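Asks: All I have is the shape, not the residue letters:
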């Protein structure tokens with residue numbers, strides 16, 4: 001969709017944070033039957049960062065990423081109007097954005113969580129853009145953060161090799177419409193395939209208050225489960241289609257793309273999508289080998305590192321696409337303005 005705008009929106013600054021604890025493929029091979037070669041060949045992942053112990057939490061990572069973005073933009077937290085925290089692993093099931101608001105001292109900001117797993121940052125970015133482009137807010141902090149190590153079955157070889165923890169942040173700011181940097185988006189969902197990648201809630205067998213008038217059955221959320229083959233087929237089929245639709249709405253083609261930034265799920269998916277779009281792999285932004293799949297954090301984490309390296313230039317066209325649980329997927333096309 002190409003939005004109708006009252007004013008422009010642009011990404012002013014980014015920040016990121018990862019835990020100190022690095023878990024190599026060798027360490028994983030001491031836990032389950034696998035090897036460094038097997039993991040690298042099938043995923044491209046060499047190591048990942050995870051939170052260990054009780055000292056740090058999702059909000060600690062999110063706050064570090066947020067403050068780094070604020071520092072780069074020389075912005076006081078009091079100037080933030082809205083905080084959107086994209087996460088599927090909150091500290092509190094009722095939401096954790098308010099904890100982030102308090103942690104960074106952004107007391108003037110409205111704050112809420114957005115849950116869309118690996119597509120979360122894209123949906124949060126689009127949501128923030130709407131608030132800015134329709135004139136509701138001026139400065140919005142968008143954070144993608146997940147600690148999926150807490151929801152990983154470390155005895156399941158099919159999933160424990162994939163996931164890591166991290167956080168990435170972006171500050172969106174209003175600007176004149178002729179300087180707009182968020183050009184358009186395309187979002188999709190297929191709920192009939194939700195079971196292909198999920199953290200399911202399961203009821204326990206025992207009924208509480210069985211002899212009362214309230215025979216309530218309670219349960220708990222379990223671990224990540226994934227049908228890897230189906231998720232792969234979904235990603236390499238639907239993501240290129242989404243990107244092409246978005247580009248077409250903006251009268252752009254694959255040849256106009258300077259950088260392709262996909263959710264960091266699997267190296268084979270990244271290259272398969274690029275191949276289907278006839279985009280050179282040299283235009284792929286990727287840090288998957290160092291961090292694994294960090295869910296909602298993967299895109300802003302990779303974007304922040306690319307900006308730190310100085311490879312993204314003013315007016316570069318960046319196609320960003322997230323995909324994952326739901327199943328949800330989406331594309332946002334930006335033009336870098338800072």
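Replies: Cool, the structure landed. All values reported here derive from a predicted model rather than from experimental measurement.
Asks: can you list the weak-confidence ranges in the chain?
Replies: Applying pLDDT under 70 to the chain picks out residues 2-5, 205-213.
Asks: show me what contacts residue 112?
Replies: By CB atoms under 8 Å, 6 or more residues apart in numbering, residue 112 lies in contact with 83-85, 95, 97. Bear in mind the C-beta positions are built from the backbone N, C-alpha and C, glycine included.
Asks: Now flag whichever of these is closest to residue 254.
Replies: residue 84 (29.6 Å; CB to CB).
Asks: partner residues bridging that closest one?
Replies: Beta-bridge pairing for residue 84 (DSSP bridges): residue 112, residue 142.
Asks: correct me, but it touches residue 143?
Replies: Yes: assessed by CB atoms under 8 Å, residue 84 is found in contact with residue 143 at 7.3 Å.
Asks: okay, the two: which has more neighbours?
Replies: More neighbours surround residue 143 than the other of residue 84 and residue 143, with 37 against 26 (other CB atoms under 10 Å).
Asks: quick one: that one and residue 62, what's the gap?
Replies: Going from residue 143 to residue 62 by CB to CB, to the nearest Å gives 5 Å.
Asks: Ok, residue 187 next?
Replies: Taking CB to CB, one finds residue 187 at 23 Å from residue 62.
Asks: Give the residues shared as contacts by residue 143 and residue 62.
Replies: Each of 85, 87, 100, 167, 169 lies in contact with both residue 143 and residue 62 under the rule CB under 8 Å, 6+ apart.
Asks: follow-up on the earlier one: looking at residue 187 and residue 62, which one has more neighbours?
Replies: More crowded of residue 187 and residue 62, by other CB under 10 Å: residue 62, with 35 against 18.
Asks: got the phi/psi numbers for the spatially most central residue of the chain?
Replies: When CA atoms, centre = their mean is applied to the chain, the residue found nearest the centroid is residue 296 (2.0 Å). Residue 296 has phi and psi values of phi -60, psi -20 when expressed as degrees, to the nearest 10.
Asks: Would you check that it makes contact with residue 65?
Replies: No: Residue 296 lies out of contact with residue 65 (CB under 8 Å); the separation is 11.5 Å.
Asks: hey, what's in contact with both of the two?
Replies: Residues touching both residue 296 and residue 65 by CB under 8 Å, 6+ apart: residue 145.
Asks: now the strands for this protein?
Replies: 8-17, 22-24, 47-49, 82-86, 110-114, 139-147, 165-175, 182-189, 197-208, 216-226, 259-262, 317-324, 328-335 (DSSP state E).
Asks: which one of these is the most hemmed in?
Replies: Mean neighbours per residue, mean count of other CB atoms under 10 Å, is largest over the strands of the chain for strand 139-147, with a mean of 31.
Asks: Grab the nearest non-local neighbour of residue 316.
Replies: With sequence-adjacent residues excluded and distances taken as CB to CB, 6 or more residues apart in numbering, residue 316 is closest to residue 258, at 4.0 Å.
Asks: since we're on that neighbour, how many residues are nearby?
Replies: 16.
Asks: Go ahead and confirm it touches residue 283.
Replies: Yes: the pair residue 258 / residue 283 is scored as a contact, 6.7 Å apart, by CB under 8 Å.
Asks: residues of stretch 33-46 that come out buried?
Replies: 34, 36, 39, 43-46 (16 or more other CB atoms under 10 Å).
Asks: which among those gets closest to residue 315?
Replies: Using CB to CB, the buried residues of stretch 33-46 come closest to residue 315 at residue 44, 30.0 Å.
Asks: Pull the contacting residues for that closest one.
Replies: 266-268, 270, 286, 288-289.
Asks: if you set the cut-off to 7 Å instead, what comes out?
Replies: Residue 44 makes contact with 266-267, 288-289, according to CB atoms under 7 Å, 6 or more residues apart in numbering.
Asks: for residue 176, same thing?
Replies: Neighbours of residue 176 in contact, by CB under 7 Å, 6+ apart: 7-8.
Asks: next one: phi and psi at it?
Replies: According to degrees, to the nearest 10, residue 176 has phi -60, psi 150.
Asks: so residue 234 touches residue 326, yeah?
Replies: No: counting by CB atoms under 7 Å, residue 234 stays clear of residue 326, with 10.3 Å between them.
Asks: Would you mind measuring from residue 254 to residue 277?
Replies: For residue 254 relative to residue 277 (CB to CB), the value is 5 Å.
Asks: actually residue 234, sorry about that
Replies: Plainly put, residue 234 is 16 Å away from residue 277 if you go by CB to CB.
Asks: next one: residue 166
Replies: Per CB to CB, residue 166 is found 26 Å from residue 277.
Asks: again with residue 146
Replies: Separation of residue 146 from residue 277 (CB to CB): 27 Å.
Asks: now swap in residue 193 and tell me
Replies: If you go by CB to CB, the gap between residue 193 and residue 277 works out to 23 Å.
Asks: What of residue 161?
Replies: Applying CB to CB, one obtains 27 Å for the distance of residue 161 from residue 277.
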